[in-house]
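Q: output the structure for:
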Amino acid sequence: MDLDAFSSLLTPAGQALLGSLRDYDPARELAEATRLRREHPAELVSAALGQARLRQRAEAKFGADAYRMYFTPDGVEQATRTEVAEYRAERFKALGVRRLADLCCGIGGDAIALARAGVEVLAVDRDPLTCAVARANAQSLGLARLIEVRCADVAEVATSGYDAVFVDPARRGGRSGGRSGSGRIFDPEAYSPTLSWAIGAAREVPVAALKVAPGIPHEAVPDDAGAEWISYRGDVKEAVLWFGKDPGSVSATLLPATTTLWTGTPLPDPPAGPVGRYLYEPDGAVIRAHLVAEVAEQVGGRLIDETIAYVTADELRPTPYATAYEITDVLPFGLKRLKALLRQRGVGVAVIKKRGSAIEPEELRKKLRLEGPHSVTVFLTRVAGAPSMLLGRPVKDPASQT
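A: Purely as a prediction, here's the structure:
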C-alpha cells in the first residue's frame with residue numbers, strides 16, 4: 001500500500017467500504033474482491049481488503065480499537081501492545097511528564113496510550129506513509145488535540161522544550177526511510193537510530209525511556225540508566241532503559257497484573273543443590289533481568305544447577321514472579337524409562353519444557369505416543385550438570401501464584 005492508496009481509504013467512499021469489511025472472511029477474499037470491484041475502483045478495493053486483514057491481525061494487540069485504527073504490515077508487527085504502552089504511559093505520568101517527544105513513533109501505539117494518559121505528544125517518524133497512518137489513528141480515536149505527528153528525521157528534531165523523550169528504534173534490517181524491513185538486529189549500534197544516538201537524546205531531557213530488544217547485554221546498559229524487562233502473560237515483550245530516575249536499577253515487570261520485581265543492587269547467584277519438593281520456573285522477564293537470585297531468596301530456594309534458571313525449594317512459598325510445580329520424580333534422562341513410566345501412569349497429555357537440553361519437545365512428544373486420562377509436566381534439564389528429567393504438576397492453589 002502506498003500513500004495514495006491509503007489516502008483513498010480516508011474518503012467517504014473508502015470509509016464506507018472499509019466499514020462493510022468489519023467481519024469479512026479472508027478465506028473468501030477472491031470472491032469478495034470480485035464482487036466489490038463491480039462497484040468500486042480496483043485500487044480502492046485492494047487497499048480496503050488489505051486494511052481489513054491488518055485490522056483483524058491487530059485485534060490481538062489493540063482490542064476493539066483495532067477496527068477504528070489504521071495499520072501498515074510492519075506497523076502491526078512492531079507496534080507496542082496496548083497493555084504495555086498503557087503501563088509505560090502511566091509511569092511517565094507518575095514521573096510528572098506532561099509533554100513528550102515520541103521519536104520513531106511508528107503507527108502511534110505508544111502515542112495513543114500517552115495521550116489517553118493526558119500527556120501532550122510530538123510523534124515523529126521519517127516515513128510519509130507511517131506518519132499518515134499515525135495521524136489518521138490520532139484523529140480516529142479523538143486524540144488529535146494531544147498528538148502532533150511530524151514527518152522528519154528524529155536527529156533533526158529539537159527536544160529541549162519537552163519533559164521527556166521516548167525512543168523506539170527500528171530493530172529490523174532492510175529499513176528504507178521508515179520502519180519497514182525484516183530480519184531482527186541484535187547489535188544495538190545497528191538500530192536505526194543507533195542506541196548511542198538514542199542515549200545522547202535521552203540525556204538532553206529530564207526523563208527518557210529507550211525501548212530496546214529483550215536480549216540486550218547487561219553490559220550495554222549505561223551506568224546512568226535503569227533497565228526494565230517487561231513480559232505480558234509470561235511472554236517477554238521488550239526491555240526499556242530509563243533515564244532520570246534510579247540509575248543502575250534493574251527490574252522485571254509482569255503484566256497484566258503490573259507486578260514489578262526491583263533491585264538497586266542485584267543479589268549474587270544462589271548456590272545449587274538437590275531438587276526439592278517444589279520447582280519454580282521464573283517468568284522470562286525475571287530471567288532476562290538476571291533477578292533469579294531474588295526469586296530464590298523469596299521462596300527460600302536454590303538452583304538445580306549453577307547454569308540453569310530453575311529454582312527448587314522444600315516448602316511452597318507464594319511469589320508472582322515464578323510458576324510453582326510440585327515435583328514427583330527426578331530421573332536421569334532416558335527415553336525408554338520415561339515412556340514406560342508415563343504409560344504405567346496412564347498419561348495422555350504431557351507439557352514438555354526444556355532448559356539446558358538439546359532435545360526438542362515436539363520430537364520427544366511424538367516418540368512418547370501418549371495415551372490415557374492423566375497429565376504431567378516434564379522438565380528436560382540438567383541437575384548438578386547431569387541430563388535429567390523432572391516430572392510434576394503445576395501447583396493448583398491460586399494463592400501460591402499471587
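
Q: quick one: the residue sitting nearest the centre point of the chain from residue 8, how far?
A: Centroid-nearest residue in the chain: residue 237, 1.7 Å away (criterion: C-alpha atoms, centre = their mean). As defined by C-beta to C-beta, to the nearest Å, residue 237 lies at a distance of 34 Å from residue 8. No exception for glycine: its C-beta is placed from N, CA and C like everyone else's.

Q: do residue 301 as well
A: Residue 301 is 60 Å from residue 8, by C-beta to C-beta.

Q: please apply the same query to residue 263.
A: Residue 263 is 53 Å from residue 8, by C-beta to C-beta.

Q: and residue 23, by the same measure?
A: As judged by C-beta to C-beta, residue 23 and residue 8 stand 22 Å apart.

Q: and what of residue 269?
A: Using C-beta to C-beta, we find residue 269 at a distance of 58 Å from residue 8.

Q: can you pick out the residue with more neighbours from those two?
A: residue 8 (19 against 13; other C-beta atoms under 10 Å).

Q: per-residue pLDDT, the more buried one?
A: For residue 8, the model assigns a pLDDT of 96.

Q: how near is the residue nearest to residue 218 when sequence neighbours are not counted to residue 232?
A: Spatially, and ignoring its direct neighbours in sequence, residue 218 is nearest to residue 290 (6.4 Å; C-beta to C-beta, 6 or more residues apart in numbering). Distance of residue 290 to residue 232, computed by C-beta to C-beta: 20 Å.

Q: swap in residue 254?
A: Applying C-beta to C-beta to residue 254 and residue 232 gives a distance of 8 Å.

Q: more neighbours, these two?
A: residue 254 (22 against 19).

Q: which intervals of the stretch 301-402 of the chain have sub-threshold pLDDT?
A: 397-402 (pLDDT under 70).

Q: which residues in it form helices?
A: 335-344, 361-368 (DSSP state H, counting those that start in this stretch).

Q: tilt between the longest one and helix 361-368?
A: Taking axes from the mean of the first three to the mean of the last three C-alpha atoms, to 10 degrees, helix 335-344 and helix 361-368 form an angle of 70 degrees between their directions.

Q: name the residues that touch helix 335-344?
A: 329, 331, 350, 364, 367-372, 376, 378, 389, 391 (C-beta atoms under 8 Å, 6 or more residues apart in numbering).

Q: alpha carbons only: can I get that helix in PDB?
A: Extracted in PDB, the C-alpha atoms of helix 335-344 (Å, rounded to 0.1, in the frame of the first residue of the first chain):
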ATOM      1  CA  LEU A 335      13.600 -42.100  26.600                       C
ATOM      2  CA  LYS A 336      12.700 -45.800  27.300                       C
ATOM      3  CA  ARG A 337      12.400 -45.100  31.000                       C
ATOM      4  CA  LEU A 338      10.200 -42.000  30.500                       C
ATOM      5  CA  LYS A 339       8.000 -43.800  28.000                       C
ATOM      6  CA  ALA A 340       7.400 -46.700  30.300                       C
ATOM      7  CA  LEU A 341       6.700 -44.600  33.300                       C
ATOM      8  CA  LEU A 342       4.200 -42.400  31.500                       C
ATOM      9  CA  ARG A 343       2.400 -45.500  30.100                       C
ATOM     10  CA  GLN A 344       2.300 -47.000  33.500                       C
END
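
Q: quick one: residues contacting the residue nearest to residue 218.
A: Per C-beta under 8 Å, 6+ apart, neighbours of residue 290: 218, 250, 266.

Q: what secondary structure does the residue nearest to the centre of the chain sit in?
A: strand (DSSP: H, G, I helix; E, B strand; the rest coil).

Q: just to check, residue 87 is in contact with residue 258?
A: Yes: Residue 87 is within contact range of residue 258, at 6.1 Å (criterion: C-beta atoms under 8 Å).

Q: who has more neighbours, those two?
A: The residue with more neighbours, out of residue 87 and residue 258, is residue 87; 19 against 12, by other C-beta under 10 Å.

Q: pretty sure that one sits in a strand.
A: No: Residue 87 is assigned helix when assessed by three-state DSSP, not a strand.

Q: now it: how far from residue 79?
A: Distance from residue 87 to residue 79, counting by C-beta to C-beta: 15 Å.

Q: wait, doesn't the residue nearest to the centre of the chain sit right on residue 230?
A: Yes: the pair residue 237 and residue 230 qualifies as a contact (C-beta under 8 Å) at a distance of 5.3 Å.

Q: gap between residue 49 and residue 366?
A: Taking C-beta to C-beta, one finds residue 49 at 39 Å from residue 366.

Q: among these two, which residue is more densely surrounded?
A: Taking other C-beta under 10 Å, residue 49 and residue 366 do not tie; residue 49 has more neighbours (19 against 10).

Q: not counting the host helix or strand of that one itself, show me its contacts.
A: In the assignment (DSSP states H and E), residue 49 maps to helix 42-62. The contact list for helix 42-62 (C-beta under 8 Å, 6+ apart) reads 1, 5-6, 8-9, 13-14, 17-18, 21-22, 24, 26, 29, 32-33, 36-37, 40, 66-67, 69-73, 75-76, 79-82, 109.

Q: any of those buried? List them.
A: In these, burial by neighbour count holds for 1, 5-6, 8-9, 14, 17-18, 21, 24, 32, 36, 40, 66-67, 69-72, 75-76, 79-82, 109, counting by 16 or more other C-beta atoms under 10 Å.

Q: circling back to that earlier point, report the buried residues of the helix holding residue 49.
A: Neighbour-count burial for helix 42-62 [16+ other C-beta under 10 Å]: 44-58, 61-62.

Q: count of residues packed around residue 301?
A: 25.

Q: low-confidence ranges in the stretch 101-250 of the chain?
A: 172-186.

Q: quick one: the strands in it?
A: Taking DSSP state E, counting those that start in this stretch as the test, the strands found in the stretch 101-250 of the chain are 120-125, 147-151, 164-167, 207-212, 225-232, 235-243, 250-255.

Q: so the spatially closest residue to residue 299 that is not a sequence neighbour versus residue 6, what's the distance?
A: Ranked by C-beta to C-beta, 6+ apart and with sequence neighbours excluded, the top spatial neighbour of residue 299 is residue 317, at 4.4 Å. According to C-beta to C-beta, residue 317 stands 54 Å off from residue 6.
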